[in-house]
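Novice: Make a model of this:
(4 chains, ligands or ions: 4)
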Amino acid sequence: MTTMAERTQTTSGGAPEPASGTQTLTMGKAINEGLRAAMRRDDKVMLMGEDIGPLGGVFRVTDGLQAEFGERRVVDTPLAESGIVGTAIGLAMRGYRPVCEIQFDGFVFPAFNQITTQLAKIHNRTRGAVQMPVVIRIPYGGGIGGVEHHGESPEALFAHTAGLRVVSPSTPQDAYTMIQEAIASPDPVIYFEPKSRYWGKGPVDLGAPVGTDTLNAAQVVRQGTDVTLVAYGPSTVTALKTADALAEEGRSAEVIDLRAISPIDTAAVVASVRKTGRCVVIHEAPVFFGAGAEIAARVTEECFYALEAPVLRVGGFHTPYPVAKHEHEYLPSVDRVLDAVDRAFAH
Amino acid sequence: MTTMAERTQTTSGGAPEPASGTQTLTMGKAINEGLRAAMRRDDKVMLMGEDIGPLGGVFRVTDGLQAEFGERRVVDTPLAESGIVGTAIGLAMRGYRPVCEIQFDGFVFPAFNQITTQLAKIHNRTRGAVQMPVVIRIPYGGGIGGVEHHGESPEALFAHTAGLRVVSPSTPQDAYTMIQEAIASPDPVIYFEPKSRYWGKGPVDLGAPVGTDTLNAAQVVRQGTDVTLVAYGPSTVTALKTADALAEEGRSAEVIDLRAISPIDTAAVVASVRKTGRCVVIHEAPVFFGAGAEIAARVTEECFYALEAPVLRVGGFHTPYPVAKHEHEYLPSVDRVLDAVDRAFAH
Amino acid sequence: MTTTNGSNEAIPTLQLLDPRGSRVTTRGTKGYRDRAAALTTEDLRGMYRDMVLTRRFDDEATSLQRQGELALFAPARGQEAAQVGSAYALRTQDYVFPSYREHGVLHVRGLDPVDRLRFFRGSDHGGWNPTQHNTAVYTIVIGAHALHAVGYAMGVQRDATPHDKHDGTAVITYFGDGATSQGDVNEAMVYAAVNEAPVVFFLQNNQWAISEPTTRQTRTPLYRRGEAFGMPSLRVDGNDVLAVYAATQEALERARNGEGPSFIEAFTYRMGAHTTSDDPTRYRTSDQEEEWRRRDPIDRLGTLLRAEGGLDDDFEAEIKAAGDELGAKLRTGVRALDGGPAVSSTFDDVYATPHGVVAAERAWYEAYDAGDPPAPQYAIAESAQGGAR
Amino acid sequence: MTTTNGSNEAIPTLQLLDPRGSRVTTRGTKGYRDRAAALTTEDLRGMYRDMVLTRRFDDEATSLQRQGELALFAPARGQEAAQVGSAYALRTQDYVFPSYREHGVLHVRGLDPVDRLRFFRGSDHGGWNPTQHNTAVYTIVIGAHALHAVGYAMGVQRDATPHDKHDGTAVITYFGDGATSQGDVNEAMVYAAVNEAPVVFFLQNNQWAISEPTTRQTRTPLYRRGEAFGMPSLRVDGNDVLAVYAATQEALERARNGEGPSFIEAFTYRMGAHTTSDDPTRYRTSDQEEEWRRRDPIDRLGTLLRAEGGLDDDFEAEIKAAGDELGAKLRTGVRALDGGPAVSSTFDDVYATPHGVVAAERAWYEAYDAGDPPAPQYAIAESAQGGAR
Ligand SMILES: Cc1ncc(C[n+]2csc(CCOP(=O)(O)OP(=O)(O)O)c2C)c(N)n1
Ligand SMILES: Cc1ncc(C[n+]2csc(CCOP(=O)(O)OP(=O)(O)O)c2C)c(N)n1
Ligand SMILES: [Mg+2]
Ligand SMILES: [Mg+2]
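Specialist: Residues are numbered from 1 along each chain as shown, chains lettered A, B, ... in the order given. Ligands and ions are numbered 1, 2, ... in the order given. Here you go, the predicted model:
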């Protein structure tokens, strides 16, 4: 296996200097910059997907990258997701680090077999001889008025499969760092991009270090004492807004942004719940068999005596993702999270 | 839509009388008889899959059915699972009731897209105008010394998707009744057959009524007072054996066979846990994001004050299903369930 | 005639009406010419009218989208001959599996135009009852419906057993050049061929899959795929309504006669954007667009009809009036869709029989909804913020 | 020559050595004959030896399975010419993507025979280090590996950019007639053709997919699929090692020369059961088996070699001795595999970097394992109860 150092060397000195300093960027642009930085750093990094070349992707996340890196590193693929992931696996076997774009959440399913039975398992099948540094970027979640298959949150379906890492950023900064850490990871990473946050802006330190933290460690994004709100991706903003509303009522909420759904940073959640005694998990995905169930089960096992109320879950219903006209009733709103917090306090 | 009565009429009087009375059958044979009974009752019922014709399926579950019902009703399909489910959907739209066989658990993934984005959603997409009475039979679970992809338990990946019903029998009688109820259901049913139990025998009342119970209702298969063991499919036997072992120690375990994983009969579990105060969930699937998480979260929410200990989970690890040589260490054993019960009592 | 494929290869292509609007009499096309000749002037006038109304539907829907009344729209502009020509060859009992751009087909099938926009409004995942028009709702996951079509056709075959008399039903499925790359479309061809299912694969090769030209999907003319799987296969000039009609009618006849599946590649051009969210200037030249504007399928039939005395100013005015009526109906009808089912309808029809989880969640939601002040009503215009799809 | 397809259609098939063991000089095959002629007697002796040893491997593995030492085995009997012939055309740097029955290919690639049975023993999901032999481990999910092969070939292409010198690497993937129905194999052809990837699709049409004859997968000869996707495609007599060798060499050369992918259909026969769990008497006649026994690929090459003075009793004895050695090695080596990694190795290599859930579960398991009396050791023979797979 080529080491990171060897690979870095192959990038010749001719490339323009990466952007640096702190800038205010949308999340979409932050991912774009993260991809650019990773591609400049390592010429084995390549992008594959539908319409990611001249169009720059339907969300423009790959805008300008084909112009900079050429058609061999930014590949407009045939319209076949199993093919995208399947060929990415072969490229990884040859030493490349493919980053695949799936155009929308609902279109990852044709690739489900390659992801579940191949991508996730090849490292194990070969007893570690072959690594699978493949990233699969999936714009997910609702709230943008999309038609069917354009608002789903299928992360639980990947987290159940060993061999995959599953992450989702909630801020432009994390999006920038996490995409680079995902690309640097020797493990396959399913990188869920909260599409409702693509246009949200935030400061991004373009020189932020690239380690492995964001793939494993949750972040306490707001300190509090009375209740722990656990969220990730698009729901982190909902959690923070709920915390604001609770503050007005005189209740202090701690907000944890998980960042990773596989693994779950149980220790971070447990530490918080031991302190607050109450926990509400929020995600857009259906509650039934969703990430909230796993978090609730773990937290309850480890904080049984500290809990003043059962861990409650706020999320999507056990229905197909609804029509755009109704999606805002389906998505976990501040009001619904408040309702859950009230129920937790009523215990 | 044709009604059941109309469909029944089209079966001419020439067919041999269905078997009746109570017989001792293996589970494999019980499913075979259930399929036969359903096919005799309704000539829109048809079977599709790889090697289900002259071979009778690799587990011989469809043995003799092509000979009895012909090649138009028992179809050896091309080797393409997406094709099996995708054409079954079309057949259902034309008024048929296809029963698809997926040869092994690990081979359902090429069909995952058709199941998740189409089969599960068409009834909803058409606002109820089109029903999807399709059954997908999947031999699943480990313990038979199989090679890779021949021992997996992917049920959680289906239960998370609204529109699907997910069930698994644990006895020949249930297998016989449940396959008929699955076929009679206007909703798509993923019918997981515990392959390690195919050869286990039990009494089967071939005249047992076909209602809808087994698709919705759990069954208390052993009464007890000290701890509730929740299981389904192959793990029900493990739960019952554990109950025997516990009885020797003077502890009384109640065993619930869920039968359905979607929906989960929460009421049945909650009633038991309110009584026992302790609950251990057992399944072969990985614990991480598995059915046990959902059960634990629901039970805790509804029995918070009745619980003496957190709901504990015994199941597979977050690893690919292991090589045959190690599978018995991976599968939830009586010993591991006892360990969990001990932990529950230690709380 | 021949067409090309982005390369310089000359590909045999059935054409009965050339871009200047004259009937073509190439050798070897007699069978097709006879089929086209059997179309009366009245038929041709109907086709013309339906093509023009299809384009009008496009324009109206596009402007409704601009006004924020639709979340999205995918115009069919340029593909009217392929759609209307093939739909004219269908019989009522035939079953249609469209993808999402077949406005011309749905129009000819008699579907209510407002219903056809429910999906794009974001008020419905489907929009009509498939069993009433023998026309499935749209399938958004590319290629998935091709297998449904084959399965449906296998059902038709089975109905033809002694129990039942063969009702002469054929099945047609529409898909694009991009879709040919999907595993499902290929599996559909395998299943259709092996089962000799009465189904027609109707490919509209409009040369683009969003921003990708057909050269990103194939190095060979796509109709050859059908051939390789074992179906009679043909490329037709997709902007020639006569050729499309004749080829489709022939293929449907084979299906009805128990001669199995066929494959038609209608070579055409997507004159507009992929959807209202798309920006074609990023990936194609206006030269190409201009070139295809000169091959407009509607002008072509119009010229023929004028020459053959089937089109005059009165008829143009009549069609214009029908278009105005359609436009008015759409503008009123689409806006009225907001009066649709209540939010709790999300819980309807998830299952056909009671499911405990849905029942419990619905009960919770209804209590929550009743107890709290109603959440702010969803406004589609607001949320349609950027992002093509 | 021609072969058939379950129908009566005569399908052009490259044959250089007929079933009676004589070289054939059909018109139009000169290029291939030249390639075969370039094989020395020593080469042919090597091929013969490797084909015989491949069959011996089959027999030994089958008997190990009967003794309960293997969970399962999938014999290659009848396909030795297809496998050994194609593998002889490969170079060391070429990369092989097998499915699960390519014992002849793996033998020629120099893989340790015991390693090749780890998978069937149930002691390993793979069995060897792919990077050491440029040979991927088996892929059990039918067809999935064809896409990996194409991706790998796309990587080879990219290595040929200025940074790196083209090393002349080609890629080959093996799959069966059943596999051609899978979406993935079709998508692999799409990707290979569009990218002009240096890959050879090597189909062993052994006429059966477990119990299903090829007529359940196709109505047309399968090599035509390759053609339709845009690859030079050819059916060869898969029991003719010379034809297989020549065709594969030609295709690999095209790949090396940047001329893109090729498709070879080796028409052969699975003489044995699908696996040791299978019972072919349920679905095929002994007549058919008998007919193909007369076309045994090993006999055919043996007859040629004897005629050309390359095979005598000494050499037969030498091969027999090598076979006995192989058998002994397998019997000892396979039984010794039980001393393999500890149970907790299940937790190894799930991820390449630490993952909290795996770490926690491993810790729990090790504590549990240490604290309790060890659970009864798993005995493979016991659990291999019925049920083909
Ligand atoms: C499985 C899947 N992947 C991606 C998409 C996103 N998408 C919608 S339309 C489209 C292009 C389709 O091109 P084509 O098949 O040629 O049909 P056309 O739009 O030209 O009619 C894509 C990629 C999708 N709907 N489904
Ligand atoms: C996706 C998938 N479906 C089903 C199976 C079960 N299965 C194993 S081998 C086989 C038949 C394969 O036939 P073919 O491709 O002709 O290869 P052969 O066994 O003849 O070498 C089947 C159905 C599988 N391994 N993977
Ligand atoms: Mg197109
Ligand atoms: Mg085969």
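Novice: Go ahead and confirm C:G178 touches C:N206.
Specialist: No - taking Cβ atoms under 8 Å as the definition, C:G178 is not a contact partner of C:N206, at 9.4 Å. All C-beta spots, glycine's among them, are computed from the backbone N, C-alpha and C.
Novice: ok, the residue of the stretch 201-350 of chain C found nearest chain A - how many residues close by?
Specialist: Going by Cβ to the nearest Cβ, chain A is nearest to C:S211 of the stretch 201-350 of chain C, at 3.7 Å. Look at C:S211: counted by other Cβ atoms under 10 Å in any protein chain shown, it has 24 neighbours.
Novice: where's it relative to A:I138, distance?
Specialist: Distance, C:S211 to A:I138, by Cβ to Cβ, to the nearest Å: 19 Å.
Novice: And for A:G207?
Specialist: 27 Å.
Novice: Same question for C:T268.
Specialist: From C:T268 to A:I138 the distance is 32 Å (Cβ to Cβ).
Novice: Which parts of the stretch 251-389 of chain C are helices?
Specialist: Counting by DSSP state H, counting those that start in this stretch, residue ranges of the helices within the stretch 251-389 of chain C are C:286-293, C:297-307, C:313-336, C:356-371, C:380-383.
Novice: so which of the ones you listed comes closest to D:G68?
Specialist: helix C:356-371 (45.6 Å; Cβ to Cβ).
Novice: Show me what that closest one is packed against.
Specialist: Packing contacts for helix C:356-371, counted by 3 or more Cβ pairs under 8 Å, 6 or more residues apart in numbering or on different chains; DSSP states H and E, involve helix B:266-276.
Novice: wait, does the helix it packs on contact chain C?
Specialist: Yes - counting by Cβ under 8 Å from any Cβ of the partner chain, chain C has neighbours in helix B:266-276: B:T266, B:A267.
Novice: so what's the closest residue to A:G315 other than its chain neighbours scoring on pLDDT?
Specialist: Using Cβ to Cβ, 6 or more residues apart in numbering or on different chains and skipping the chain neighbours, the partner closest in space to A:G315 is A:V287 (4.3 Å). Here, the pLDDT recorded for A:V287 equals 98.
Novice: residues in contact with A:V287?
Specialist: Listed by Cβ atoms under 8 Å, 6 or more residues apart in numbering or on different chains, the contact partners of A:V287 are A:A293, A:R313, A:V314, A:G315, A:G316, A:F317, A:H318, C:E361.
Novice: roughly how far is the one helix or strand the fourth one maps to from the heart of the chain?
Specialist: Counting by DSSP states H and E, the element that carries A:G315 is strand A:312-316. The chain centroid and the centroid of strand A:312-316 are separated by 18 Å under Cα atoms, centre = their mean, to the nearest Å.
Novice: now stretch C:94-108
Specialist: In terms of Cα atoms, centre = their mean, the centre of stretch C:94-108 is set 4 Å apart from its chain centre.
Novice: Only alpha carbons, please: show it as PDB.
Specialist: Below are the C-alpha coordinates for stretch C:94-108, written out as PDB (Å, rounded to 0.1, in the frame of the first residue of the first chain):
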ATOM      1  CA  ASP C  94     -52.300  -1.700 -23.500                       C
ATOM      2  CA  TYR C  95     -50.400  -0.800 -20.400                       C
ATOM      3  CA  VAL C  96     -47.800   2.100 -20.400                       C
ATOM      4  CA  PHE C  97     -44.900   2.400 -18.000                       C
ATOM      5  CA  PRO C  98     -43.500   5.900 -18.400                       C
ATOM      6  CA  SER C  99     -40.500   7.400 -16.700                       C
ATOM      7  CA  TYR C 100     -41.100  11.100 -15.900                       C
ATOM      8  CA  ARG C 101     -41.000  13.200 -19.100                       C
ATOM      9  CA  GLU C 102     -43.700  11.500 -21.100                       C
ATOM     10  CA  HIS C 103     -46.200  14.400 -21.200                       C
ATOM     11  CA  GLY C 104     -47.100  13.600 -24.800                       C
ATOM     12  CA  VAL C 105     -47.800  10.000 -24.000                       C
ATOM     13  CA  LEU C 106     -49.900  10.800 -21.000                       C
ATOM     14  CA  HIS C 107     -51.800  13.400 -23.000                       C
ATOM     15  CA  VAL C 108     -52.800  10.900 -25.700                       C
END
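Novice: close to chain A, is it?
Specialist: No - Stretch C:94-108 is not in contact with chain A by Cβ under 8 Å from any Cβ; minimum separation 8.7 Å.
Novice: Between A:G207 and A:I138, which is the more surrounded one?
Specialist: Per other Cβ under 10 Å, whichever of A:G207 and A:I138 has more neighbours is A:I138, with 27 against 11.
Novice: Please look at the residue of the stretch 201-350 of chain C closest to chain A and A:G49 and confirm they touch.
Specialist: No - using Cβ under 8 Å, C:S211 makes no contact with A:G49, being 11.3 Å away.
Novice: Identify the contacts common to the two.
Specialist: Residues touching both C:S211 and A:G49 (Cβ under 8 Å, 6+ apart) are A:D76.
Novice: Next up, the contacts around the closest residue to C:R293 other than its chain neighbours.
Specialist: Nearest non-adjacent residue to C:R293, counting by Cβ to Cβ, 6+ apart: C:M271, 6.8 Å away. By Cβ under 8 Å, 6+ apart, the contact set of C:M271 is C:R77, C:G78, C:E289, C:W292, C:R293, C:D296.
Novice: same deal with C:A179?
Specialist: Contacts for C:A179 (Cβ under 8 Å, 6+ apart) come out as A:L79, C:S99, C:I142, C:G143, C:A146, C:V185, C:L203, C:A209.
Novice: try it again with 10 Å
Specialist: By Cβ atoms under 10 Å, 6 or more residues apart in numbering or on different chains, C:A179 lies in contact with A:79-80, C:99, C:142-146, C:173, C:185, C:203-204, C:209, C:217.
Novice: Same check on A:I52?
Specialist: Taking Cβ under 10 Å, 6+ apart, we find A:I52 in contact with A:35, A:58, A:60-63, A:65-66, A:74-77, A:99-101, A:103, A:137, C:211-212.
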